[in-house]
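predicted structure and sequence below. I'll ask about it afterward.
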Amino acid sequence: YNLAKAAGSELSIEEIVAKNENSVVAIETESVATDSWLRQYVTQGAGSGVIYSEDGYIITNNHVIDGANSIKVTLYNGKSYDATLVAADAQTDVAVIKIDETGLRPVSLGSMDQVSVGSLAVAIGNPLGTLSGTATDGIISALEREITLDGKSMTLIQTSASNPGNSGGGLFDQYGDLIGLVVSKSSGSDVEGLGFALPVDKVQSVAQSLIKNGYVEGRHAAGIQIQDMTDSS
């Protein structure tokens, strides 16, 4: 892998998919909601995730698992697991979940330094919640798009490699390295090929902090500051 990258060897789309299909998972969730008559009912959701470590840590979007009472992860080989939430950050829309398994195949993390407009992009995810392992190809359309999602301003990668419902899936470069976590696709009768992804550098730093601390380090918290005061009397 390192030798191939050092030599500048690019992979075919088939090779990129083969390298990563076992590192992208399908996620299904169930949440309990209450209707206007105060009757409870179960709602279901779906998305994607990428394997972060061989011992079961998986990165996905916060909005995929937000409010979920149960989370189920299905690997490419069809094996399913109950997952637990490690920690999540609504501001960056990154969450880390974990399954009880070892020997998994984590994604290879790329860097935004090796990404440029016009370069190949391959997205792998679970579009529509039922088509796990789907791959789409395209290009990097823009590197730093200021997009507002759910009232939050985010700086995202824009790509034409998109699918509806791919949230939490991986966006990979020409070397088969993860360069983004898919968050959104713009859809409409006059809109095609507009997908967005969180840059890998941000995803990695947030995920590391969530695993280590359960929250994002270095962020200013709003609230009351408590300071010890010396009694002058």
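Done, it's in. Values in this document were obtained by computation on a predicted structure and should not be read as measured data.

in this protein, which segments are predicted with low confidence?
1-8, 38, 41, 127-131, 163-165, 184-193, 219-233 (pLDDT under 70).

tell me where it has strands.
Assigned by DSSP state E, the chain shows strands spanning 24-34, 40-51, 57-60, 70-74, 80-89, 94-98, 120-125, 134-149, 152-159, 170-172, 178-188, 191-199.

out of those strands, nearest to V216?
strand 80-89 (5.2 Å; CB to CB). (Glycine included, C-beta is placed from N, CA and C.)

pull out the buried residues from the closest one.
For strand 80-89, burial by neighbour count (16 or more other CB atoms under 10 Å) applies to Y81, A83, L85, V86, A87, A88, D89.

quick one: distance of the longest helix along the chain to the chain centre.
Assignment by DSSP state H gives helix 200-213 as the longest helix of the chain. Relative to its parent chain, helix 200-213 has a centroid offset of 11 Å by CA atoms, centre = their mean, to the nearest Å.

quick one on the thing from earlier: which members of the buried residues of strand 80-89 are the farthest-apart pair?
Y81 and D89 (22.9 Å).

now the angle from the longest helix of the chain to strand 94-98?
Angle, helix 200-213 to strand 94-98, by axes from the mean of the first three to the mean of the last three CA atoms, to 10 degrees: 50 degrees.

can you list contacts of helix 200-213?
Identification of contacts with helix 200-213 by CB atoms under 8 Å, 6 or more residues apart in numbering yields 52, 57, 59, 86-89, 92, 94-96, 109-112, 178-181, 215-217.

which residue comes closest to A95 once chain neighbours are left out?
Among residues not flanking A95 along the chain, A88 sits closest, at 3.6 Å (CB to CB, 6 or more residues apart in numbering).

so the one you found touches D66, yeah?
Yes. The pair A88 / D66 is scored as a contact, 7.1 Å apart, by CB atoms under 8 Å.

before I go, just wanted to say thanks for your time.
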